[in-house]
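>>> What shape does this take:
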Amino acid sequence: METLNNKLALAALVSILALASVPAAANQGAQRVEEPSTGAMMADLLVARPVGLVITALGAATFLVSLPFSMAGGNLAESGEKLVVGPAQETFNRCLGCRNSGWRGDYAETR
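As a prediction, the model looks like this:
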């Protein structure tokens, strides 16, 4: 049982580090509406969304544990943004199969 918990913790840590390595400025240049394929939608639904949900839950738990320290350090808003809001937006606030976060209508068409 302890080995399973260690493996789950390691998988969660690797997932968090993988998502944290994505540059935040990558979405600033997006100007076209994405048209994801069926395969991308299926992969997003079956893999990326559940992983995002787990990362959001782990971020929320981490935020709650670090709450006294964040309040004492004066960075409560920043820690909430990075640990909870960011992962939640990646999980819930993008079209199915899209790579960029935000609603589909947030991107101007340039055709």
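>>> so where is the chain shaky, pLDDT-wise?
Scanning the chain with the threshold set as pLDDT under 70 gives 1-32, 102-111.
>>> Tell me which stretches of it form helices.
For the chain, the helices defined by DSSP state H cover 2-20, 38-43, 49-73, 76-80, 86-92.
>>> buried stuff in the longest one?
Applying a neighbour-count criterion of 16 or more other CB atoms under 10 Å, one finds Arg49, Val51, Gly52, Val54, Ile55, Thr56, Leu58, Gly59, Phe63, Ser66, Ser70 buried in helix 49-73. Where you see a C-beta, it was placed from the backbone N, CA and C, and this is true even at glycine.
>>> which other helices and strands contact it?
helix 2-20, helix 76-80, helix 86-92 (3 or more CB pairs under 8 Å, 6 or more residues apart in numbering; DSSP states H and E).
>>> Quick one: residues in contact with the second one.
In other words, helix 76-80. Helix 76-80 is contacted by residues Phe63, Ser66, Leu67, Ser70 when judged by CB atoms under 8 Å, 6 or more residues apart in numbering.
>>> Out of the residues you listed, which comes closest to Leu96?
Using CB to CB, Phe63 is the member of these that lies nearest Leu96, at 26.7 Å.
>>> Against Arg49, how distant is the nearest residue to Gly86 once chain neighbours are set aside?
The shortest distance from Gly86 to any non-neighbouring residue, by CB to CB, 6 or more residues apart in numbering, is to Gly59 (7.9 Å). Remark: distance between Gly59 and Arg49 (CB to CB, to the nearest Å) = 15 Å.
>>> What of Asn93?
12 Å.
>>> swap in Asn75?
From Asn75 over to Arg49 (counting by CB to CB), the distance is 29 Å.
>>> would you turn the contacts of helix 76-80 into TSV with distance to Leu45?
TSV is the format used below for the contacts of helix 76-80 (distance: CB to CB, whole Å):
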residue	distance to Leu45
Phe63	26
Ser66	31
Leu67	33
Ser70	33
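>>> tell me which of those is nearest to Asn100?
Phe63 (24.7 Å).
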